[in-house]
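Asker: Just a sequence and a predicted model for now, questions to come.
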Amino acid sequence: MVPIHWANVRPGTLEPCEHCCTTAWVARHNPAVAPASAWKPCEVLDGELWYDGHLSWEAARREDGLWWAEVRYSRDGQMLTAVRNENAVRPPQ
């Protein structure tokens, strides 16, 4: 393994590796290609209001002990994508 200092790498000089180009990795990091079954309906807390949305949980708890999820929800007619912890999402009411 060779350490890389990103400031020393010119754009276009790195090739994608097998790790980050697997189907599973792309699905986790590019929700546009994630299977629909990975997204569950929920309500998302934004400020003081709850909005209808969908979430996709991360595979494991983070170091802070909380579950985190990528969420998509509509606020004022605009589709938003964010990352929220378990305290800012709830089942649909």
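Answerer: Received the coordinates, thanks. All values reported here derive from a predicted model rather than from experimental measurement. Numbers count the residues shown, from 1 in each chain.

Asker: hmm, which helix or strand of the protein has the shakiest average pLDDT?
Answerer: helix 23-29 (a mean of 58; mean pLDDT, DSSP states H and E).

Asker: could you say what helices and strands the helix or strand following that helix packs with?
Answerer: Per DSSP states H and E, the first helix or strand lying C-terminal to helix 23-29 is strand 40-46. Judged by 3 or more Cβ pairs under 8 Å, 6 or more residues apart in numbering; DSSP states H and E, strand 40-46 is in contact with strand 49-57, strand 68-75, strand 78-85, strand 89-90. All C-beta atoms are positioned from the backbone trio N, CA, C, and that covers glycine.

Asker: make it 7 Å
Answerer: In terms of contacts (3 or more Cβ pairs under 7 Å, 6 or more residues apart in numbering; DSSP states H and E), strand 40-46 is packed against strand 49-57, strand 68-75, strand 89-90.

Asker: list the buried ones in stretch 72-83?
Answerer: Residues Arg72, Tyr73 are the ones in stretch 72-83 that count as buried (16 or more other Cβ atoms under 10 Å).

Asker: quick one: pLDDT of the nearest residue to Pro41 once chain neighbours are set aside?
Answerer: Closest residue in space to Pro41, ignoring its immediate chain neighbours: Pro92 at 5.1 Å, by Cβ to Cβ, 6 or more residues apart in numbering. Looking at Pro92, its pLDDT is 86.

Asker: Wait, a strand at Pro92?
Answerer: No - with DSSP: H, G, I helix; E, B strand; the rest coil as the criterion, Pro92 is coil rather than part of a strand.

Asker: thinking again about what came up before, in JSON lines, list the helices and strands packed on strand 40-46 along with distance to Lys40.
Answerer: Output for the helices and strands packed on strand 40-46, formatted as JSON lines (distance: least, Cβ to Cβ, whole Å):
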{"stretch": "strand 49-57", "distance to Lys40": "6"}
{"stretch": "strand 68-75", "distance to Lys40": "9"}
{"stretch": "strand 89-90", "distance to Lys40": "9"}
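
Asker: Since that was my last question, I'll sign off now.
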